[in-house]
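Visitor: next input, structure requested:
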Amino acid sequence: MPATDTTHAGPAADIPALLARFQARQVTIGIIGLGYVGLPLALTAARAGFSVLGFDINFSYVERLNGGESTIKHIPAAAVAEAVSSRRLEATTDFSRLGEPDALLICVPTPLTKHREPDLSYVETTARAIAARLRQGQLIVLESTTYPGTTDEVLKPLFEATGLASGRDFFLAFSPEREDPGNPDFGTSTIPKVIGGDGPEALTLADALYSQLVDTTVPVSSTATAEAVKLTENIFRAVNIALVNELKVVYAAMGIDVWEVIEAAKTKPFGFMPFYPGPGLGGHCIPIDPFYLTWKAREYDITTRFIELAGQINTYMPYYVVDRLAEAVDRNGIPFSGSKILILGVAYKKNVDDMRESPSLKLIELIEARGAQADFHDPHVPELPPTRKHGPLAGRRSVALTADTVHGYDAVLIATDHDAVDYRLVVEHAKLVVDTRNVCAKAGIVDGRVIKA
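Guide: Numbers count the residues shown, from 1 in each chain. You can find the predicted model right below:
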C-alpha cells in the first residue's frame, strides 16, 4: 500500500503520551541482533529500568541468554543473569513479536560483498520483518553502520509501504553504535550517542529514549548526517592507521623503529595524535565502513582516492608481515616452505574473543599458501568459528602455550597482544619471534631473536 493511501486520514500517533512514557521508562525496548552491539545495549537498557525484548536468529544463543549465560566473553554472565532474573530482559527467535515493543533498535551486521560493495541484506531482512508487524506509535532506530541515505532511502520506503507514514504514525531515526569491545574505560552508557531523526518528532522521541540510557546525547540535523558521522569516525582511523603502516614499511627499510618514532612524536602536546601499525585491520568497523562511503560516492561521480589508497595499504599489511616472517625464517637456516609457525592471537584486538575481520585469518592462509604449517594460540578463542571469507579454517583449535610447545615451532608470530600471554616464556623458548604489535619491547624484553614487523 503506498504512503499516500487514505489510511493516513486517521488520528496520528500520540507523540506527547509516547514521549512521557519514554521519559518514565514505561515502554518495552526491542533490540534486534544480540551480538557485540545489541547485547551490551540490551543490558544497559535493562539496568536503566526498561523492559527489553531481544531478537536473534540464533536459537542456541537465545537459549543461553534466557538461561542467564553470557554469549560474549568480555560481558560478565552475572550481568546477563541479573537482567533475566529481574524480568527486565527476555530473548526470543520469534520475530512475530516485533509488534510488542514501543521502540525497535536494529543492531544487525552490515558487511561487504566479495566485491567490496555494501551488503544490506541483514538490514533489509530485518526491516521487512518489522514492516510485517509495524504498528502506530513505534519508534524504529537503525544502529548498524551504513552509508548516508540508508535510513531514508531503504528503510523508510519499506515501512511506508504498509500505509503508515513516518513522522505521523511511526518514527524513524539513526543512531550509530560506538561499541569498543573490551574497552575498560568506556562502555555503552558512557559513550556519547549521536542521533539523527526523520523529522523533528522522531529526533525528539529518539533523544528522549537514549537520554535514559547514556550520559550524553548528540542530536544532529538528519539521519544522513548521523550516518556520515559514524563513517567519518572510522575513516579517520583507517586513514591514519594506513599512514603509520606505510611509515612502518619505509622506516623498517631505513633501519628505524616506527614504534620508537611514534612514542617520541606523541610527546608533542598539540597537533599530533598517535596511531599504531599492525598486521592488518580487524573488527567489523574499520576494515569495512570506509568502503560504504566509496560505494555511495560513485553515485555522485566522485572518486574517494584517499580512502581507497588507505584501504590498499591496510590490505597489503598481512602480505608484508608474511614476507618479513619468511625472510627471518630463511635467515635462521630453515626453508619457509615446510616450516612450522605458531601465531599468537587470532582475535582482531587484545583481550577479547571477537574474530570479526581478524587479520590473523588472512595470515594463516598466506603462511599455508607458501607451504608452511600455521597453528595458533589464543587464550580467548579456543576454536576458530565459521566466517564468511575464511570458511575452511573453522574448527581449528588453539594449542597449549608451554615451553615445549613454543620450542617446537620454527617461529612465533605475535599477531594480537593479549595481556594473558606470557611473552617472556615465549621469547625464552622460541627459536624466532616476529612481533607485529611491539609487545615484547613494551614488556621490556630485549632479545636478538625478536624481530619487529
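Visitor: run through the strands of the stretch 151-300 of the chain in chain order.
Guide: 171-174, 193-197, 217-220 (DSSP state E, counting those that start in this stretch).
Visitor: partner strands of the last one, with direction?
Guide: With DSSP bridges as the test, strand 217-220 is paired with strand 193-197 (parallel).
Visitor: what is the mean pLDDT for the partner strand?
Guide: Throughout strand 193-197, pLDDT has a mean value of 98.
Visitor: buried set for that strand?
Guide: 193-197 (16 or more other CB atoms under 10 Å). Every C-beta, even on glycine, is put in place using the N, C-alpha and C of the backbone.
Visitor: can you check stretch 419-431 too?
Guide: For stretch 419-431, by 16+ other CB under 10 Å, it's 421, 423, 426-427, 429-431.
Visitor: cool, and stretch 221-237?
Guide: Across stretch 221-237, burial judged by 16+ other CB under 10 Å covers 222-224, 226-231, 233-235, 237.
Visitor: domains in the protein, as residue ranges please.
Guide: 6-221, 236-452 (automatic domain parsing).
Visitor: so what's the most centrally placed residue in the chain up against?
Guide: Centroid-nearest residue in the chain: residue 284, 3.5 Å away (criterion: CA atoms, centre = their mean). For residue 284, the contact set (CB atoms under 8 Å, 6 or more residues apart in numbering) comprises 36, 109, 111, 145, 356-357.
Visitor: and if you look at residue 98?
Guide: Each residue near residue 98 by CB under 8 Å, 6+ apart is listed here: 30, 32, 55, 104, 129-130, 132-134.
Visitor: quick one: low-confidence parts of this structure?
Guide: For the chain, applying pLDDT under 70 flags the ranges 1-10.
Visitor: got the phi and psi for residue 90?
Guide: phi -130, psi 140 (degrees, to the nearest 10).
Visitor: distance of the nearest residue to it once chain neighbours are set aside from residue 266?
Guide: Leaving aside its sequence neighbours, residue 90 sits nearest to residue 53 (CB to CB, 6 or more residues apart in numbering; 5.6 Å). According to CB to CB, to the nearest Å, residue 53 stands 45 Å off from residue 266.
Visitor: more neighbours: these two, which one.
Guide: Neighbour totals were compared for residue 53 and residue 266, and residue 53 leads with 20 against 12 (other CB atoms under 10 Å).
Visitor: which residues sit in contact with the more buried one?
Guide: Contacts of residue 53 by CB under 8 Å, 6+ apart are 28-31, 90-92, 97, 100-101.
Visitor: got phi/psi on it?
Guide: phi -110, psi 110.
Visitor: so it bridges to which residues?
Guide: Under the criterion used (DSSP bridges), residue 53 bridges to residue 30, residue 90.
Visitor: weed out the non-buried ones from the contacts of residue 53.
Guide: The neighbour-count criterion (16+ other CB under 10 Å) marks 29-31, 90-92, 100-101 among the contacts of residue 53 as buried.
Visitor: am I right that residue 374 is in a strand?
Guide: Yes - under DSSP: H, G, I helix; E, B strand; the rest coil, residue 374 sits within a strand.
Visitor: I'd assumed residue 360 was in contact with it.
Guide: No - between residue 374 and residue 360 there is no contact, the gap being 9.4 Å when judged by CB atoms under 8 Å.
Visitor: quick one: which of these two has more around it?
Guide: Set residue 374 next to residue 360 and count neighbours by other CB under 10 Å: residue 360 wins out with 29 against 23.
Visitor: that one in helix, strand or coil?
Guide: For residue 360, the reduced secondary structure class is helix; criterion used: three-state DSSP.
Visitor: what sits against the closest residue in space to it that isn't next to it in sequence?
Guide: Excluding the flanking residues, the one nearest residue 360 by CB to CB, 6+ apart is residue 346, at 4.1 Å. Counting by CB under 8 Å, 6+ apart, residue 346 touches 355, 358, 360-361, 364, 376, 378, 381, 384, 398, 415-416.
Visitor: also residue 243?
Guide: Counting by CB under 8 Å, 6+ apart, residue 243 makes contact with 275, 310.
Visitor: to residue 255, which of the strands of the stretch 151-300 of the chain lies closest?
Guide: For residue 255, the closest of the strands of the stretch 151-300 of the chain is strand 193-197, at 43.9 Å, according to CB to CB.
Visitor: please state the offset of the longest helix along the chain from the chain centre?
Guide: Of all the segments of type helix in the chain, defined by DSSP state H, the longest one is helix 223-254. On the basis of CA atoms, centre = their mean, to the nearest Å, helix 223-254 sits 16 Å off its chain's mean C-alpha point.
Visitor: so that it lines up with my notes, have the first residue be 26 from now on.
Guide: Fine by me, first position is 26 from now on; the one you just mentioned is helix 248-279.
Visitor: all helices for the stretch 276-425 of the chain, in order.
Guide: 283-290, 314-322, 330-356, 384-394 (DSSP state H, counting those that start in this stretch).
Visitor: turn these into CSV, columns for distance to residue 48.
Guide: Shown next, in CSV, are the helices of the stretch 276-425 of the chain (distance: least, CB to CB, whole Å):
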stretch, distance to residue 48
helix 283-290, 46
helix 314-322, 33
helix 330-356, 40
helix 384-394, 45
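Visitor: identify whichever of those helices lies nearest to residue 266.
Guide: Smallest distance to residue 266 across these (CB to CB): 6.3 Å, for helix 330-356.
Visitor: in that closest one, what counts as buried?
Guide: For helix 330-356, using 16+ other CB under 10 Å, the buried residues are 332, 335-336, 338-340, 342-343, 345-347, 349-351, 353-354.
Visitor: closest one to residue 166 out of the residues you listed, please.
Guide: For the buried residues of helix 330-356, the nearest to residue 166 is residue 332 (26.7 Å; CB to CB).
Visitor: wait, what's in contact with the closest residue to that closest one other than its chain neighbours?
Guide: Residue nearest to residue 332 in three dimensions, not counting chain neighbours: residue 315, with 4.7 Å by CB to CB, 6+ apart. Going by CB under 8 Å, 6+ apart, residue 315 touches 256, 259-260, 263-264, 329, 332, 335-336.
Visitor: now residue 347
Guide: Applying CB under 8 Å, 6+ apart, the residues near residue 347 are 388, 391-392, 395.
Visitor: among those, which one has the most neighbours?
Guide: residue 388 (26 neighbours).
Visitor: not counting sequence-adjacent ones, nearest residue to it?
Guide: Closest residue to residue 388 apart from its sequence neighbours, by CB to CB, 6+ apart: residue 343 at 5.3 Å.
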